[in-house]
Structure formats: structure tokens, C-alpha cells
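**Student:** dropping a prediction and its sequence here:
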Amino acid sequence: MPDEQASTSLQRITLIMVLLNAFTTPLMLSAVNVALPSIAMDLSMDAVLLSWIPMAYLMASAMFVLIFGRLADMVGRKRIFLIGTFSVIITSLIAAFATSGIMLISARFLQGICAAMLYATQVAIVSSVFPPAKRGQAIGLTVSMIYLGLTVGPLIGGYVIDLFGWRASFLIHMPLAIIVLCIGFTYVKGEWLSNERGSFDLFGAIVYIVSILLLCLAVSWLPSTIGFILLILALFGFTFFFLFERVHKHPIFNVSLFFTNRFFTFSCLASLIIYTATFANVVQVSLYLQYLKGFTATAAGLIMMCQPLTMALFSPLSGRLSDRFEPKHIASCGMVLSGIGLILLSNLQIDSGLDYLIIALVITGLGFSLFSPPNVNAIMGSVEEQFYGSTTGVMATMRIIGQMSSMILVTLMFALIIGSVEITQANYPALEKAIRLTFNVAAILCVPGLYFSLCRGRIHNN
């Protein structure tokens with residue numbers, strides 16, 4: 001009985017630590033999205049350069065999340081988690097006091113590296129502490145807190161931006177992040193790591209980092225010749241990395257799962273697609289409301305919170321359902337609803353009513369909340385416990401590459417339709433066209449996403 005009580009107590013305090021952290025980073029991220037028009041005006045950034053504020057963060061996270069997932073298995077998941085929490089605080093201060101667009105983008109890149117430590121360990125820690133019968137509910141709560149942070153971020157961010165300026169958007173998460181550090185160092189005892197630590201694949205890590213960098217630079221320079229050359233080099237790098245990791249004894253990316261576990265493979269591909277389709281919603285809606293509709297940051301934030309609020313409300317329910325029912329059916333329904341919401345968003349016009357926009361955001365949010373927790377729960381249930389850290393790193397990589405691909409799509413559309421000029425009233429029609437076309441492509445992506453979700457196979461939760 002004492003051991004059971006101690007285990008329950010550890011589960012409770014660890015979950016509180018992870019939940020607070022899962023809330024703070026999205027809080028800051030969504031607040032920064034609201035701040036983009038203010039940043040563009042203050043630092044004189046054009047449309048393409050402005051898109052690099054979220055892109056640099058995602059690029060860095062994509063580069064390093066696999067690395068930290070592997071290191072977490074080797075040196076301890078809690079250790080990497082706490083280092084990441086502290087580092088995000090420091091890099092947020094650097095971003096808040098940036099004096100130029102290049103300095104801010106550089107700070108965002110550093111933020112992304114630090115946040116990768118958190119993305120690589122949050123679900124791994126929860127999965128290490130909770131038994132399979134309770135894991136889905138705990139993951140659902142974690143996902144819910146992420147979306148709660150995304151929900152209140154635009155509202156709180158918009159308010160503080162209107163009062164104090166865009167720099168405040170990088171600071172609003174710090175008090176809770178400090179509390180997370182106090183809980184982690186004081187109350188969460190023990191550590192979780194893999195039984196077989198192995199060695200670190202430095203060469204594979206370098207190849208992967210360079211490939212991500214080449215991909216992002218290629219998109220920024222398309223459709224120029226150098227852009228196509230960099231894109232080819234990036235694809236070659238990813239292919240080489242995949243083949244190299246397959247034969248490495250201790251890979252940072254366990255690609256063998258993609259060859260031996262159909263369920264894992266299709267689940268990861270479905271996750272990659274839905275994040276590619278939906279992540280840039282908040283960025284585009286922020287630009288739509290503040291530029292095309294003339295809303296203040298506070299008013300825009302209030303409307304933008306509809307989608308993540310829906311996610312926060314329904315994610316715990318879908319996570320709980322995935323403990324009882326086949327996850328693929330719940331997730332596939334979510335993919336369909338997300339596609340419907342994106343079709344509605346693709347028809348946005350300057351004179352569209354706010355009720356139309358809100359309905360579209362709610363449908364998209366409901367679809368995503370039905371997809372994400374069951375998909376995560378299913379993936380974690382399809383691998384052995386010793387690979388939780390690496391698997392979390394793979395999942396986070398799929399998510400972040402999807403998010404990065406979503407921003408790549410936005411950047412590409414802005415570059416092709418608007419060009420490297422500041423957004424003014426003269427090019428509002430071009431901005432509207434770019435937003436609508438991006439949503440159209442995103443809706444089409446849900447079709448292969450639905451295929452992977454439905455055809456992944458079955459898994460039985462214990």
C-alpha cells in the first residue's frame with residue numbers, strides 16, 4: 001500500500017510539472033503570433049522575412065528534437081526537460097530585447113533549440129510514470145494543456161501587446177516556467193532513461209540538421225535556381241540520413257520501426273499531414289483579422305482562441321475514449337472534420353462575417369482534438385517502454401516538421417503571390433489570395449491523411 005501511494009503521488013506531481021510546462025510554451029508561441037503585425041511595423045520587416053519569425057523557431061525545433069529525444073534516453077528524460085525549461089526562459093529574454101529583425105529571428109532560432117528539449121520529453125515522462133491503462137487519459141490532459149495555452153495566448157498576448165508592445169509577448173510565460181523548475185528540482189524524485197544507453201550518433205545528427213537547414217533555405221529562395229538546387233540537396237540529405245540510420249546500431253531516429261511496424265508508420269504519416277494542414281491557421285487568421293479586417297491585437301486574439309479552446313475542451317475526452325475504443329476510428333473522424341473546417345477557411349474573403357470564421361475555426365479545432373490524443377496514445381502503445389524517449393522524439397519530429405511544412409507553405413505562397421515587400425493596403429488583395437490558396441492546399445492534404453489514419457491497422461490497449 002505505501003508503495004502504491006508513493007507511486008500515485010509521483011504520478012500526480014510529475015503530471016502537474018508536465019502540464020504546467022505544456023501550457024507555458026504554447027502560451028508564449030500563440031501570443032507571438034498575434035504580435036507579428038506589430039513586430040513587422042516596429043522592425044520594418046517584409047512579408048517573407050516576417051514569416052521567418054515562426055519559421056526559425058520551428059526549424060530549430062525540427063533540427064534538434066530527435067537529438068534531445070536520443071539524449072533523454074541516454075542521460076535522463078527529467079534532466080533534459082528541466083534544462084530545456086530553464087533555457088527557454090533565457091532565450092525568451094533575448095527575444096524580448098531584440099533590436100532588429102535578424103536579431104529577433106536568431107533569438108527565435110535559439111528558442112526553438114531549447115523548446116526541442118521539452119517536445120522530446122513531455123510525453124516520454126508521462127508514459128514512463130503512468131501505466132498503459134491510464135496513459136491515454138494523462139496524454140489527453142497534456143495535449144489539452146497545450147491547447148489551453150494556445151487558447152489564452154492570443155487573448156492575453158493581444159491585451160499585453162496593446163498595453164506594453166510586442167516585446168511583452170515573449171515574457172508572459174515566465175512566472176509559470178519558474179514554478180515548473182521549482183517543482184522539478186524539489187518534488188519530482190528519480191529519473192527515467194533507457195536500460196540500454198548505447199552511443200550517440202553524431203554524424204547522423206549533423207546530416208539531419210544540415211538537411212533541415214537546406215530545406216528551409218530552399219523554400220525561401222524558390223522559385224530561383226539556387227532554391228531548386230538547395231531543395232535537391234535537402235532531399236538527397238534526408239535520403240542518405242534515412243539509409244544511414246537504418247544500419248546504425250544506436251540511431252537518433254529509429255527508422256527500423258517504419259519498416260517493421262505498419263501501425264507506427266501510418267500513424268506518424270497521418271500526424272505529419274494534419275500538422276502540415278492546420279498549424280499555420282493561427283498565423284494566417286492573425287494576419288487576416290489585423291490587416292484585412294483592421295482588428296486590434298486584443299480583438300484578433302479573442303477570435304483566434306476559438307480553435308485552440310475547442311481543442312482544449314475535447315482533447316481529454318478523446319484521450320479517454322482512446323483507452324476504451326480503437327484509436328484509429330476516433331482519429332479518422334477528426335481528420336475528416338479538420339478537412340471540412342479547412343474547406344470553410346479556404347472561402348474566407350475580406351467581407352466574410354465573423355460568425356463564418358468562428359464556425360470554421362471551431363470545426364477545425366474539434367477535428368484536431370479528436371485526432372491528436374488517440375493518435376499519440378496509439379503510437380506510444382505500439383512500442384516497447386525502453387524506446388519511449390526515442391519514440392517521443394520521432395513523434396515530436398513528425399509534429400514539428402509538419403508545423404514547419406505548414407509555415408513553409410505559407411512562406412512559399414507569400415513569396416510567389418505577395419513578394420518581398422511590406423504588407424500595405426495596396427497589396428491586401430494579394431494577401432487575401434495567398435491566405436485562401438494556402439487553406440485550399442491544406443484541405444487537399446487531409447485526403448491522404450485520412451487514408452493513412454484508416455489503413456494503419458488495429459491496436460488493442462491493455
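**Tutor:** Alright, I've got the coordinates. Residues are numbered from 1 along each chain as shown.
**Student:** tell me, how many residues neighbour the closest residue to Met304 other than its chain neighbours?
**Tutor:** In space, and not counting its chain neighbours, Met304 is closest to Pro154: 4.1 Å by Cβ to Cβ, 6 or more residues apart in numbering. Yep, even glycine has a C-beta here, placed from its N, CA and C like the rest. Neighbourhood size, Pro154 [other Cβ atoms under 10 Å]: 34.
**Student:** list the contacts for Pro154?
**Tutor:** Ser30, Ala31, Asn33, Val34, Val282, Ser286, Ala300, Gly301, Leu302, Met304, Met305, Pro308 (Cβ atoms under 8 Å, 6 or more residues apart in numbering).
**Student:** now Phe244
**Tutor:** Phe203, Gly204, Val207.
**Student:** domain map for the chain?
**Tutor:** 2-187+250-454, 201-249 (automatic domain parsing).
**Student:** now the shortest one, how far from the chain's geometric center?
**Tutor:** Taking the mean C-alpha point of domain 201-249 and that of its whole chain, the gap between them comes to 21 Å (Cα atoms, centre = their mean, to the nearest Å).
**Student:** ok, the contacts of Pro154 vs Ala430, which is closest?
**Tutor:** Checking those against Ala430 by Cβ to Cβ gives Ser286 as the nearest, at 17.2 Å.
**Student:** gap between the closest residue to that closest one other than its chain neighbours and Arg108?
**Tutor:** With Cβ to Cβ, 6+ apart as the criterion, Ser286 has its nearest non-adjacent residue at 5.2 Å, and that residue is Asn33. Going from Asn33 to Arg108 by Cβ to Cβ, to the nearest Å gives 12 Å.
**Student:** what do those two both touch?
**Tutor:** Pro54.
**Student:** ok, the closest residue to Ile161 other than its chain neighbours - how many residues close by?
**Tutor:** With Cβ to Cβ, 6+ apart as the criterion, Ile161 has its nearest non-adjacent residue at 4.4 Å, and that residue is Ala297. Neighbour count of Ala297, defined by other Cβ under 10 Å: 27.
**Student:** verify the contact between Ala297 and Gly165 for me.
**Tutor:** No: Ala297 is not in contact with Gly165 according to Cβ atoms under 8 Å; the separation is 10.1 Å.
**Student:** shared neighbours, these two?
**Tutor:** Ser38.
**Student:** helices along the stretch 301-450 of the chain, start to end?
**Tutor:** Taking DSSP state H, counting those that start in this stretch as the criterion, the stretch 301-450 of the chain contains helices spanning 306-322, 327-345, 354-381, 388-413, 428-454.
**Student:** low-confidence ranges in the stretch 1-150 of the chain?
**Tutor:** 1-7, 136 (pLDDT under 70).
**Student:** quick one, what contacts Gly101?
**Tutor:** Ile39, Leu43, Ser44, Met45, Leu49.
**Student:** again, only this time at 10 Å
**Tutor:** Contact partners of Gly101, counting by Cβ atoms under 10 Å, 6 or more residues apart in numbering, are Ile39, Ala40, Asp42, Leu43, Ser44, Met45, Asp46, Leu49, Leu50, Trp52, Ile53.
**Student:** one step back: make a ChimeraX selection of the buried ones in the contacts of Phe244.
**Tutor:** Applied in ChimeraX, the following selects the buried portion of these according to 16 or more other Cβ atoms under 10 Å:
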select :204,207
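**Student:** for the most centrally placed residue in the chain, give me its contacts.
**Tutor:** The centre of the chain sits closest to Ile400, judged by Cα atoms, centre = their mean, with a distance of 4.9 Å. By Cβ under 10 Å, 6+ apart, Ile400 lies in contact with 57-66, 112, 115-116, 119-120, 212, 272, 275, 279.
**Student:** ditto for Phe266
**Tutor:** Applying Cβ under 10 Å, 6+ apart to Phe266 gives the contacts Phe258, Lys328, Tyr451, Phe452, Ser453, Leu454, Cys455, Arg456, Gly457.
**Student:** repeat the analysis, applying 7 Å as the threshold.
**Tutor:** The contact partners of Phe266, by Cβ atoms under 7 Å, 6 or more residues apart in numbering, come to Phe452, Cys455, Arg456.
**Student:** so what's the residue count around Val48?
**Tutor:** The local packing of Val48 (other Cβ under 10 Å) involves 19 other residues.
**Student:** for the longest helix seen in the chain, packing partners?
**Tutor:** Longest helix in the chain, counting residues (DSSP state H): helix 2-43. Contacts defined by 3 or more Cβ pairs under 7 Å, 6 or more residues apart in numbering; DSSP states H and E place helix 2-43 against helix 47-75, helix 77-96, helix 101-119, helix 122-129, helix 132-164, helix 174-186, helix 281-287, helix 297-304.
**Student:** which strands and helices lie in contact with the fourth one?
**Tutor:** What it means is helix 122-129. Short answer (3+ Cβ pairs under 7 Å, 6+ apart): helix 122-129 packs on helix 2-43, helix 77-96, helix 132-164, helix 354-381, helix 388-413.
**Student:** ditto for the second one
**Tutor:** Other elements packing on helix 77-96 under the criterion 3+ Cβ pairs under 7 Å, 6+ apart are helix 2-43, helix 47-75, helix 101-119, helix 122-129, helix 174-186.
**Student:** and the contacts of that helix?
**Tutor:** Counting by Cβ under 7 Å, 6+ apart, 21, 25, 28, 68, 71-72, 104, 107-108, 110-111, 114-115, 117-118, 120-121, 124-125, 128, 167, 170-171, 174, 177, 180-181, 184-185, 188, 191-193, 389 sit against helix 77-96.
**Student:** so what touches stretch 162-178?
**Tutor:** The list of residues contacting stretch 162-178 from outside it, by Cβ under 7 Å, 6+ apart, reads 20, 23-25, 27-28, 31-32, 34-35, 38-39, 42, 85, 88-89, 92, 95-96, 156-157, 160-161, 296-298.
**Student:** just the buried members of these?
**Tutor:** Buried among the contacts of stretch 162-178 by 16+ other Cβ under 10 Å: 20, 23-25, 27-28, 31-32, 34-35, 38-39, 85, 88-89, 92, 95-96, 156-157, 160-161, 297-298.
**Student:** thinking again about what came up before, of the contacts of Phe266, which is the most crowded?
**Tutor:** Tallying neighbours with other Cβ under 10 Å puts Arg456 at the head of the contacts of Phe266, with 26 neighbours.
**Student:** what ranges do the helices span in the stretch 151-300 of the chain?
**Tutor:** 174-186, 202-221, 225-247, 256-260, 262-278, 281-287, 297-304.
**Student:** for Ile139, find the nearest of those.
**Tutor:** Per Cβ to Cβ, nearest to Ile139 of the helices of the stretch 151-300 of the chain: helix 262-278, 13.2 Å.
**Student:** got the CA positions of the closest one in PDB?
**Tutor:** Extracted as PDB, the C-alpha positions of helix 262-278 are listed here (Å, rounded to 0.1, in the frame of the first residue of the first chain):
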ATOM      1  CA  ARG A 262       3.000  -0.500 -40.100                       C
ATOM      2  CA  PHE A 263       0.800   0.900 -37.400                       C
ATOM      3  CA  PHE A 264       3.600   3.200 -36.200                       C
ATOM      4  CA  THR A 265       4.500   4.300 -39.700                       C
ATOM      5  CA  PHE A 266       1.000   5.200 -40.900                       C
ATOM      6  CA  SER A 267       0.200   6.900 -37.500                       C
ATOM      7  CA  CYS A 268       3.300   9.100 -37.900                       C
ATOM      8  CA  LEU A 269       2.500  10.000 -41.500                       C
ATOM      9  CA  ALA A 270      -1.100  10.900 -40.500                       C
ATOM     10  CA  SER A 271       0.300  13.100 -37.800                       C
ATOM     11  CA  LEU A 272       2.700  14.800 -40.200                       C
ATOM     12  CA  ILE A 273      -0.100  15.600 -42.600                       C
ATOM     13  CA  ILE A 274      -2.600  17.000 -40.100                       C
ATOM     14  CA  TYR A 275       0.000  19.300 -38.600                       C
ATOM     15  CA  THR A 276       1.100  20.500 -42.100                       C
ATOM     16  CA  ALA A 277      -2.600  21.200 -42.900                       C
ATOM     17  CA  THR A 278      -3.600  23.000 -39.700                       C
END
